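Peer 1: Return a 3D structure for these sequence lines:
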Amino acid sequence: MEKNRSHVLGLVVWGCAAFFYGFQFILRVSPSVISHDLMRDLHLDACLLGALSSFYYIGYSAMQIPSGIILDRLGPRRPLTVACLLCAGGAFLFSYAESLTLLSVARTFMGIGSAFAFLSCVKLASLYFPPRILSILVGFTMTVGTLGATAGGAPLGMLVDASGWRMANTVLGFVSLAIAVAAFLVIRENAQHTTNEEERAGETLIQSLILIAKNPQTWVYGLYGFAMYVPLSGFADLWGTPFVMEAYKMDRTAAAGTMSLFYVGLSIGAPTWSYYATRVQSYRMAMMYSALASVLCLTLVLYVHVPVYALYGLMMLAGFAVGGQFIAFAGVTALNPLYRTGTASGMHNMLCMISGIAMQPLLGHFLDLCQKADPTCMGVIGCYTKEHYLKSLAIIPLTLIFALVITVFMKDTFPKEDATKASS
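Peer 2: Residues are numbered from 1 along each chain as shown. Modelled structure (predicted):
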């Protein structure tokens, strides 16, 4: 009975953190929805827009290891509350800023606050639940997150159309404040956190980081995460909506709604791949098939022009395929003792988020190069054709092929002994 109560409490506190994770996805993908507004109002080209958007990833990536360490040392309650307040401050600043510098600072604040969201979910899941179901909870965390990304598509587009992009960001700021209050009231510390502080005795912060970094599998899983995250950071989070608008001649709301289907597929795929990994008792096999399916689906989305209703299905399939990447968090967690899970997950997530820092401005730079080489677009801001997008986005299938190759060098860390005990 006591164990059941603990699991119910675990679901409640995990759910609060997961809700924040879903909300931060709205902040993350919002530049994709308001890209045309920002380029028009601030006179930005694609490279500058990509750079502005990537400041979120700079803050997010820079805080991954520190946030993991903070969560390991302090527990999730206070850090998560402060993180929500940072996101609120970033949203308010973004809504009132007039300069590119202040807008970049605002995106950085959002990224710093959002850095705690996913890691808090992983930390709470590892504290309240057994290792054998950690990958499933990671998958459901991603499901909640992608519901937020879906809300950051067509619904956010409608809010922007009705009130403007500045007022829309003000609304997001107030929502973040409400989540901060909820996190402070709902989340409680778990007894296992104190126990693991005792187990950690004698191991310094530097020693923890060295032990994590010295394990070659940390980098194998990290490179896989980096490559598999490119469709999210480079395509779904920023350049996907403008691509669909140009390739299929849709308006902003329709294109954002189409991209939302990618996240719907991701929300289904993440727990499904996790369940498959649990059934076959192999993280590596699930991640390999996920990478293979991602290569096929993203290639079809980008380079096969289909009727609109078929595009909807392809977007969902592409999101579903990419969903297997989040099993890597369970794999990295299994490489380390419980008192190091936050730090290890933070290091892995940092490697994933670096893809956003690199790919968003890089793809924007490629678009600008294509525009400058096209005489029909000479001197026209925002003149990017379907062909420009197809050339620039070719890097996405290539990185997914790299992810597939990486699985060959991956050690399977699925906790087989734990699963055997559970089934006996």
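
Peer 1: so where do the helices sit in the stretch 301-424 of the chain?
Peer 2: Under the criterion DSSP state H, counting those that start in this stretch, helices of the stretch 301-424 of the chain are mapped to 308-322, 327-334, 341-372, 386-392, 395-406, 416-423.

Peer 1: Arrange these in JSON lines, one row each, with distance to residue 176, mean pLDDT and mean neighbour count as further columns.
Peer 2: Glycine gets a C-beta too; all of them are placed from N, C-alpha and C. Output for the helices of the stretch 301-424 of the chain, formatted as JSON lines (distance: least, CB to CB, whole Å; pLDDT from 0 to 100; neighbours: other CB atoms under 10 Å):
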{"stretch": "helix 308-322", "distance to residue 176": "25", "mean pLDDT": "95", "mean neighbour count": "20"}
{"stretch": "helix 327-334", "distance to residue 176": "24", "mean pLDDT": "87", "mean neighbour count": "28"}
{"stretch": "helix 341-372", "distance to residue 176": "19", "mean pLDDT": "84", "mean neighbour count": "24"}
{"stretch": "helix 386-392", "distance to residue 176": "32", "mean pLDDT": "89", "mean neighbour count": "18"}
{"stretch": "helix 395-406", "distance to residue 176": "30", "mean pLDDT": "96", "mean neighbour count": "19"}
{"stretch": "helix 416-423", "distance to residue 176": "37", "mean pLDDT": "48", "mean neighbour count": "12"}
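
Peer 1: Columns distance to residue 133 on top of the ones you listed, output as CSV?
Peer 2: Output for those, formatted as CSV (distance: least, CB to CB, whole Å):
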stretch, distance to residue 133
helix 308-322, 21
helix 327-334, 10
helix 341-372, 15
helix 386-392, 40
helix 395-406, 25
helix 416-423, 9
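
Peer 1: What separation do you get for residue 183 and residue 121?
Peer 2: According to CB to CB, to the nearest Å, residue 183 stands 12 Å off from residue 121.

Peer 1: how about the strands in the stretch 1-150 of the chain?
Peer 2: Along the stretch 1-150 of the chain, no segments are classed as strands by DSSP state E, counting those that start in this stretch.

Peer 1: who touches both of residue 183 and residue 121?
Peer 2: Counting by CB atoms under 8 Å, 6 or more residues apart in numbering, the shared contacts of residue 183 and residue 121 are residue 17.

Peer 1: Neighbour count for those two, which is higher?
Peer 2: Using other CB atoms under 10 Å, the more surrounded residue of residue 183 and residue 121 is residue 121, with 30 against 26.

Peer 1: residues touching that one, list them.
Peer 2: Neighbours of residue 121 in contact, by CB under 8 Å, 6+ apart: 14, 17, 18, 21, 137, 138, 141.

Peer 1: Closest to residue 175 out of the residues you listed?
Peer 2: residue 21 (13.6 Å; CB to CB).

Peer 1: how close does the closest residue to the closest one other than its chain neighbours get to residue 71?
Peer 2: Nearest non-adjacent residue to residue 21, counting by CB to CB, 6 or more residues apart in numbering: residue 117, 4.0 Å away. Distance of residue 117 to residue 71, given as CB to CB: 11 Å.

Peer 1: Repeat that for residue 372.
Peer 2: Going from residue 372 to residue 71 by CB to CB gives 45 Å.

Peer 1: In helices only, show me the contacts of residue 121.
Peer 2: The helices, defined by DSSP state H, take in 14, 17, 18, 21, 137, 138, 141 from the contacts of residue 121.

Peer 1: For burial, what's the neighbour tally of residue 19?
Peer 2: 20.

Peer 1: which ones are touching it?
Peer 2: 144, 179, 182 are the contacts of residue 19 under CB under 8 Å, 6+ apart.

Peer 1: Residue 322 now?
Peer 2: Applying CB under 8 Å, 6+ apart, the residues contacting residue 322 are 228, 231, 232, 265, 266, 269, 290, 294, 298.

Peer 1: Now for these: which two are most distant?
Peer 2: Within the contacts of residue 322, two members stand farthest from each other by CB to CB: 228 and 265, at 14.4 Å.

Peer 1: More neighbours: which of the two?
Peer 2: It is residue 228, of residue 228 and residue 265, that has more neighbours when counted by other CB under 10 Å, with 28 against 23.

Peer 1: Next one: the residue nearest to that one when sequence neighbours are not counted from residue 73, what distance?
Peer 2: Using CB to CB, 6+ apart and skipping the chain neighbours, the partner closest in space to residue 228 is residue 325 (3.6 Å). Relative to residue 73, residue 325 is positioned 28 Å away (criterion: CB to CB).

Peer 1: Neighbour count: those two, which is higher?
Peer 2: Neighbour totals were compared for residue 325 and residue 73, and residue 325 leads with 28 against 15 (other CB under 10 Å).

Peer 1: who touches the more buried one in this structure?
Peer 2: Residue 325 touches 224, 225, 228, 229, 287, 290, 352, 403, counting by CB under 8 Å, 6+ apart.

Peer 1: Around the fourth one, how many other residues sit close by?
Peer 2: Think residue 229. For residue 229, the count of nearby residues is 25 (other CB under 10 Å).

Peer 1: That one and residue 154, how far apart?
Peer 2: From residue 229 to residue 154 the distance is 23 Å (CB to CB).

Peer 1: again, but for the fifth one
Peer 2: Counting by CB to CB, the gap between residue 287 and residue 154 amounts to 31 Å.

Peer 1: Could you check which of the two has the larger neighbour count?
Peer 2: residue 287 (28 against 20).
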